[in-house]
Every structure is written in structure tokens, then in C-alpha cells.
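Peer 1: Pasting the sequence and the predicted coordinates here, then a few questions.
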Amino acid sequence: MRATARRKIERRCRQLHMTRILIFGAGGVGCLYGFILDQAGASVTAVCRTNYEVVKENGITIRSKIFGRQHYHPTAVRNVDEAVQHGPFDFILVCSKAFPGTAEMIRNAVTPKQTAIVLAQNGIGVEEDYAKLYPDNAIISGVVYLPVTQVELGIIEHGPLERFEIGLYPPGTASKGHCEQLSDLFKAGGGSAPVFDDVQPRKWIKVAVNAAWNPTTALTLCDDANYLRSSPRAEEMIRKIMREVGVVATAAGYPNVITDEVIERDIQRPIDRIKTGGKEPSMLTDVREGRALEVEAIVGNTLRIGEKHGVVTPFLEMLYVLAKGRSYALAPDDRWKPIARHD
Ligand SMILES: NC(=O)C1=CN([C@@H]2O[C@H](COP(=O)(O)OP(=O)(O)OC[C@H]3O[C@@H](n4cnc5c(N)ncnc54)[C@H](OP(=O)(O)O)[C@@H]3O)[C@@H](O)[C@H]2O)C=CC1
Ligand SMILES: CC(C)(CO)C(=O)C(=O)O
């Protein structure tokens, strides 16, 4: 290898090792992304809540169809104030559920002009609160494809898919340097984080998937394969909901994104799982654990964007009302609060 090429690789490795990452929300997604970044050589601090003692004492065990059985030990802290002594952070990965008020919770760990805030969450329109609060920081919006569940405190089960699609919010606001750096880190850690000039079309595809699968499985208490087995109309209902989200996306300026081809490709995964065993979407896990549901970020924001553009969304409206009722029964504090701008 030529000396200049070797020096370039050595410099890149040094940069990765110096990168400081804060994971806010050490559940399924947070623990798995922390693992990938730890593998890349970054310094990983994790804000843990219920699993604090276990993670501090024993670290995190990963049982993954891709990475195998793994173990790592991030620096566990109880809250953002405690995390600050391990900063300043180059990236904060927000991996908690997309609920109102989270943007304020990370404030003390955000260094203006340095920290890139990465949203590893489902939903649409979830970036605006961060963009308003942190105008001097890069906001990276992410689309998470990662079937993962924390099955016991500090123990994470992960299926056969790992892809984190990322892009700046709003698109083209600053240099793509932060996105490229994060993408390099994922690659170095064995993961995959492709960078998009505009990641919003990708967010729309994912919210169509989540609006269809998350409330239906949460309300029926069936994993995706069992839901498909449950009646001859179940599969077509998923397509109808996804098409409805497609009409909203088109009205919002993203035509030809949620196409029939995209819908068929996505629905094939759960259909295949009828043979191999179903996946419990994260909202079904929340129902089983008695936690509030991410209805606003996934269904509420989508239907309000539709409303603003004069699109009638009967399926989304029905899912919204029923899933909000379910969430309210589980967590009575979860009353309606808009979480972001709805355009
Ligand atoms: N799981 C999956 O397969 C997928 C999930 N997603 C999305 O990724 C995001 C994360 O999901 P997932 O990992 O499943 O969620 P989890 O519920 O497993 O993890 C969220 C974590 O955030 C923690 N948390 C919440 N609020 C706070 C707080 N104030 N302080 C400290 N910790 C806090 C929770 O702590 P505690 O345990 O104490 O509640 C929990 O550990 C969601 O937006 C989800 O929709 C996307 C694709 C797939
Ligand atoms: C796509 C799906 C349903 C897969 O896990 C998901 O994003 C979730 O569980 O929230």
C-alpha cells in the first residue's frame, strides 16, 4: 500500500476513535446502534432509564441474526446532565420513542455548532422541534430498518435487517460532512447508513409501513404474520392504508414515492414471515409493556398533513382514534398534544 493511502486510512481511524457519541434512549434501537458505533471505535455513552443498573453492571448483550451473539459495555449514565462529563459529543442519537418534549431533554448535552443531532425514530414531521431549538446544529433525520426488541433489561434481540437511511433536515441546509462521517462510522462498525440528498421521500415510505402495521398489530395483539393469518381481508387492508398514506405524500409534494411496487416489495417481508415466524412491531411491544403509543408521530401527523391538503383519510382516522384510545387506557397522561409542524 502506498504511504499516502496508508496515512489517509490511519488519519480516518484516529478520527473514528475520537468520535464521541451519546445515545439518548437505550432501548432496542439505541442499544443496537450503540453496538455498531462501539464496534467502529467511537466512545459511546448511553442514557439509560429502567435498564441503568443492569447496563452499568453488565453491559449490553446482542443476539442478532446479522451480528451473532455479541456483548459491549457503553458508559451508562442516568440522565443527560450526568452524560455531560463524557462529552462534548459529536453526535447525539435520539433513539427514544418520538414523543413531545424530547427535543428539550437533550439540551444540556448539545454543544452549539459541534453536536449533530440524529433522529433514529419512526414518524413524519418529527424534526421541526429540534430544528427550532438547535438552529446552530446539524439535524440528521433517519429512517430505521431494524427489527429489534429489548427482551430483558440489557438483552437485545435483532432480526435479519439493518439499514439506517440518513439525510440532513431540512435537505441541503449545511454541508453533508456530518452525514458522511456517521455513514463511515456505521460502515466501520459493520452497519449500513446510506446518505440521501433528501431523506424525506424515504421517511414517507417508512411512515406508510408504520401507519399500516404498527396500529393494526398493536390493536389486534397479533404479530405481523399472525395478523396476516387472521382473516382473508387482513393483507389487502395493509395495502389500502399504505395507499392512503401515498395520497397524503403526493399532496405534500412527494408524488410517485409510495408506489404499488414499493408497497408490494415491503409487504412481501411479513408475508414471508408466515413461514418463518412473525415480527412484533414496536407498537405491539409497547402495548404488551403497558406503555404509551407513538400514535401522534406516525398516524396523527400523517392525517393532519392530509387534512391540511384537503385529503380525506378514513383508514388513518379510524386507526388514530382507536390507537389513541388504546394508548390513553395504558398511559392516561398521553393526552393529545401536537408534536410538530404539520406541513
Ligand atoms: N423496535 C423496532 O423494531 C423499531 C423501532 N423503530 C423506532 O425507533 C424508535 C425507538 O424504538 P425502540 O428502540 O423500539 O424503543 P424502546 O421503547 O425499546 O426504547 C426507547 C428507550 O428510550 C428510553 N427513554 C424514553 N424516555 C426517556 C427519558 N426521558 N430518559 C431516558 N430514557 C428514556 C426508554 O426507557 P424505559 O425503558 O425506561 O422506558 C427506552 O429504553 C421509535 O421511534 C420506534 O418507532 C424503528 C424501526 C424498528
Ligand atoms: C417496520 C417495523 C414494523 C418493523 O419492526 C417497525 O418499524 C417497528 O417495529 O416500529
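Peer 2: Sure, I can see it. Ligands and ions are numbered 1, 2, ... in the order given.
Peer 1: Number of residues surrounding the nearest residue to residue 27 once chain neighbours are set aside?
Peer 2: Nearest non-adjacent residue to residue 27, counting by CB to CB, 6 or more residues apart in numbering: residue 150, 5.2 Å away. Backbone N, C-alpha and C define where each C-beta goes, glycine included. When counting by other CB atoms under 10 Å, one arrives at 21 neighbours for residue 150.
Peer 1: And residue 312, by the same measure?
Peer 2: Residue 312 has 11 neighbours, counted by other CB under 10 Å.
Peer 1: re the thing from before, what bridges to the residue nearest to residue 27?
Peer 2: For residue 150, the beta-bridge partners are residue 156 (DSSP bridges).
Peer 1: how near is it to ligand 2?
Peer 2: Distance, residue 150 to ligand 2, using CB to the nearest ligand atom, to the nearest Å: 12 Å.
Peer 1: so which strand or helix has the closest residue to residue 314 other than its chain neighbours?
Peer 2: Excluding its sequence neighbours, the residue lying closest to residue 314 (CB to CB, 6+ apart) is residue 244, at 7.8 Å. Using DSSP states H and E, residue 244 sits within helix 234-251.
Peer 1: Contacts (any at all) between ligand 2 and the helix or strand following that helix?
Peer 2: Sequence order places helix 260-276 as the next helix or strand after helix 234-251, per DSSP H and E. No. Helix 260-276 stays clear of ligand 2 (CB under 6 Å from any ligand atom), getting no nearer than 8.4 Å.
Peer 1: Please confirm that residue 315 is located within a strand.
Peer 2: No. Counting by DSSP: H, G, I helix; E, B strand; the rest coil, residue 315 falls outside a strand, being helix.
Peer 1: That one contacts residue 244, doesn't it?
Peer 2: Yes. If you go by CB atoms under 8 Å, residue 315 and residue 244 touch, sitting 5.1 Å apart.
Peer 1: Which of these two has more residues huddled nearby?
Peer 2: Neighbour comparison, residue 315 and residue 244: the larger count goes to residue 244, with 25 against 20 (by other CB under 10 Å).
Peer 1: how close does the more buried one get to residue 221?
Peer 2: Distance of residue 244 to residue 221, computed by CB to CB, to the nearest Å: 23 Å.
Peer 1: List the contacts of the residue nearest to residue 27.
Peer 2: 27, 28, 31, 51, 156 (CB atoms under 8 Å, 6 or more residues apart in numbering).
Peer 1: The first one and ligand 1: what is the separation?
Peer 2: Spelled out, that is residue 27. 2 Å.
Peer 1: In this structure that residue contacts residue 120, no?
Peer 2: No. Look at residue 27 against residue 120 with CB under 8 Å: they stay out of range, at 10.6 Å.
Peer 1: Okay, residue 304 and residue 313: tell me how far apart.
Peer 2: From residue 304 to residue 313 the distance is 10 Å (CB to CB).
Peer 1: low-confidence ranges in the stretch 201-343 of the chain?
Peer 2: Along the stretch 201-343 of the chain, segments meeting pLDDT under 70 span 334-343.
Peer 1: Next to ligand 2, which bits of it? Give me the list.
Peer 2: Counting by CB under 6 Å from any ligand atom, the residues of the stretch 201-343 of the chain near ligand 2 are 209, 210, 213, 214, 279, 281, 282.
Peer 1: Take those and lay them out in JSON lines including secondary structure and distance to residue 110.
Peer 2: Below are these laid out as JSON lines (DSSP: H, G, I helix; E, B strand; the rest coil; distance: CB to CB, whole Å):
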{"residue": "209", "secondary structure": "helix", "distance to residue 110": "30"}
{"residue": "210", "secondary structure": "helix", "distance to residue 110": "27"}
{"residue": "213", "secondary structure": "helix", "distance to residue 110": "33"}
{"residue": "214", "secondary structure": "helix", "distance to residue 110": "29"}
{"residue": "279", "secondary structure": "coil", "distance to residue 110": "34"}
{"residue": "281", "secondary structure": "coil", "distance to residue 110": "30"}
{"residue": "282", "secondary structure": "helix", "distance to residue 110": "26"}
